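1. Give me a model of this one.
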Amino acid sequence: MARAVVIGGGIGGLTSGIALRRNGWDVTVLERAPKIDPVGSGLGIAANALKALDTLALGDHIRKLSRIQGQVGIRRGDGRWLVHTTPDAAEARYGDSAVVLLRATLMEVLADALEADRLRLGVSVSGVDADEGIVRTDDGDLRADLIVAADGIHSKVRQALFPEHPGPTYSGVTAWRGLVPRGDLEIGSTESWGKGLIFGVIPLADDMVYVYATDVLPAGTVFEDEREELLRRFGDWHEPIPALLRAADPGRIIRNDVYSFDTPLPAFHRGKVALVGDAAHAMTPNLGQGACQAIEDAVVLAHLVGDGQESNGMAAATRGGRLDAYTAARLGRTSKVVRQSMSICRMTKVRNPVAVWLRDLGMSLAARTVPDMMLRSMDEVLSWRPPVGATDAGERHRIEGR
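-> Here you go, the predicted structure:
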């Protein structure tokens, strides 16, 4: 049986571990944290990622957790709609809409699917030998036929394999996220744009609301009271934004600067190492595709490296150019998603009143003249389907009850 070592216990790492296991690989996932403690609040899983999770027999479980309902789209700060659609329209177009759930909930589902004996917590990785397939840890060296680097946006593995790459750059915006009790508020799923500002509102299960916001600020800016800063920026926007901010627990609001790749990597692999998720293609959150693309990576990688029960294991996979095929399958697609997400980020950063007016007018006119304009702009992203044959592992898992 071929052996895989996955570095990183986030969404990309856990999904990679699951996908490889269900394709017959002996898998170990290493996570340096002493426990799975996901940073963040809410998380969207769009149609493309749901289809990928179907190949792992997890899609239906995720769909049941929290589906977006009602009209969704972009509004101005005063509440006027600029462009909108419905989840039903998305489902008709792509065969799925989207679900939004707690990041912690998704992580719990993935960790359970991987199984506890495959996940080693509190293990730090100091380096890898890509040619020999060695992962160096504080507990000793591990040998592998395949190493999956899912160690995040500031990936040490990526830096070692591609030292000439400039890495992620600051997008110019900082982001707040939080969870707020819904109470008796009427909540729909919206994202509102202003002068360099965004505020998003998404209802979750259990009467919770996921809120997020962005503003154009220098990297590393620090505030004493994050909620007060949000109220100062958004307190006069349309409801329920001010009411949600007043109800928010300041201690549950988190903020981080947003980074993205300006320059794609030359490849997503080197030697026996494959990169997935933010380690390979960090992007801004404007398309809601960061986690979705990591899930796609995992499913495609497992499909392309083949059945871990093959007698020649990863040696045959490497000779056959299967990691070359992984790069070919993922580099172009994810680079387009990164660029598209960054182009939207640039639109949201506009502050000049005339430029903001022109931006909003253009969006409104486009929405009136192009049917389903909001969905059509996402066709290439959301119409993706897993590679033919990738569903075999999910079907085998269902049949065997593993």
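2. What confidence value was assigned to residue 35?
-> At residue 35, the pLDDT value in this model is 86.
3. I figured it hits residue 111, correct?
-> No - because the distance of 10.3 Å does not satisfy CB atoms under 8 Å, residue 35 is recorded as not touching residue 111. The C-beta positions use only the backbone N, C-alpha and C, and glycine is treated the same way.
4. Show me which of these two is the more surrounded one.
-> More neighbours sit around residue 111 than around the other of residue 35 and residue 111, counting by other CB atoms under 10 Å; the figures are 19 against 8.
5. Spatially central residue in the chain, please.
-> For the chain, the residue nearest the mean C-alpha position is residue 291 (1.5 Å; CA atoms, centre = their mean).
6. Can you tell me the element that residue falls in?
-> With the criterion set as DSSP states H and E, the secondary-structure element containing residue 291 is helix 290-305.
7. Buried residues, that helix. List them.
-> Going by neighbour count (16 or more other CB atoms under 10 Å), the buried part of helix 290-305 is 290-305.
8. For the residue nearest to the centre of the chain, which non-adjacent residue is closest in space?
-> Using CB to CB, 6 or more residues apart in numbering and skipping the chain neighbours, the partner closest in space to residue 291 is residue 11 (4.9 Å).
9. likewise residue 84?
-> Nearest one to residue 84, counting by CB to CB, 6+ apart, is residue 73 at 2.9 Å.
10. what are the phi and psi angles of that neighbour?
-> Dihedral pair for residue 73: phi 160, psi -160, per degrees, to the nearest 10.
11. what does residue 271 give?
-> The phi/psi pair for residue 271 (degrees, to the nearest 10) is phi 60, psi -130.
12. ok, it - how many residues close by?
-> When counting by other CB under 10 Å, one arrives at 15 neighbours for residue 271.
13. Now it: closest residue in space that isn't a chain neighbour?
-> Computed as CB to CB, 6+ apart, the closest residue to residue 271 that is not its neighbour in sequence is residue 130, at 3.1 Å.
14. Can you verify my assumption that that neighbour contacts residue 158?
-> No - Residue 130 is not in contact with residue 158 according to CB under 8 Å; the separation is 11.3 Å.
15. okay, those two: which has more neighbours?
-> Neighbour tally, residue 130 and residue 158, criterion other CB under 10 Å: the higher count belongs to residue 158, 25 against 18.
16. Tell me who's in contact with the more buried one.
-> Taking CB atoms under 8 Å, 6 or more residues apart in numbering as the criterion, residue 158 is in contact with 149, 151, 165, 167, 265, 275, 279, 280.
17. Let me see the ranges of the strands in the stretch 101-250 of the chain.
-> For the stretch 101-250 of the chain, strands defined by DSSP state E, counting those that start in this stretch occupy the ranges 119-121, 125-129, 134-137, 140-143, 146-149, 169-181, 190-193, 197-203, 208-216.
18. mind putting those strands in TSV, distance to residue 321 and mean pLDDT included?
-> Formatted as TSV, the entries for the strands of the stretch 101-250 of the chain read as follows, by distance: least, CB to CB, whole Å; pLDDT from 0 to 100:
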stretch	distance to residue 321	mean pLDDT
strand 119-121	30	96
strand 125-129	21	96
strand 134-137	22	97
strand 140-143	22	96
strand 146-149	14	97
strand 169-181	32	96
strand 190-193	42	96
strand 197-203	42	96
strand 208-216	41	96
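19. With respect to burial, which of those scores highest?
-> Between the strands of the stretch 101-250 of the chain, strand 146-149 has the highest mean count of neighbours, a mean of 30, where neighbours are mean count of other CB atoms under 10 Å.
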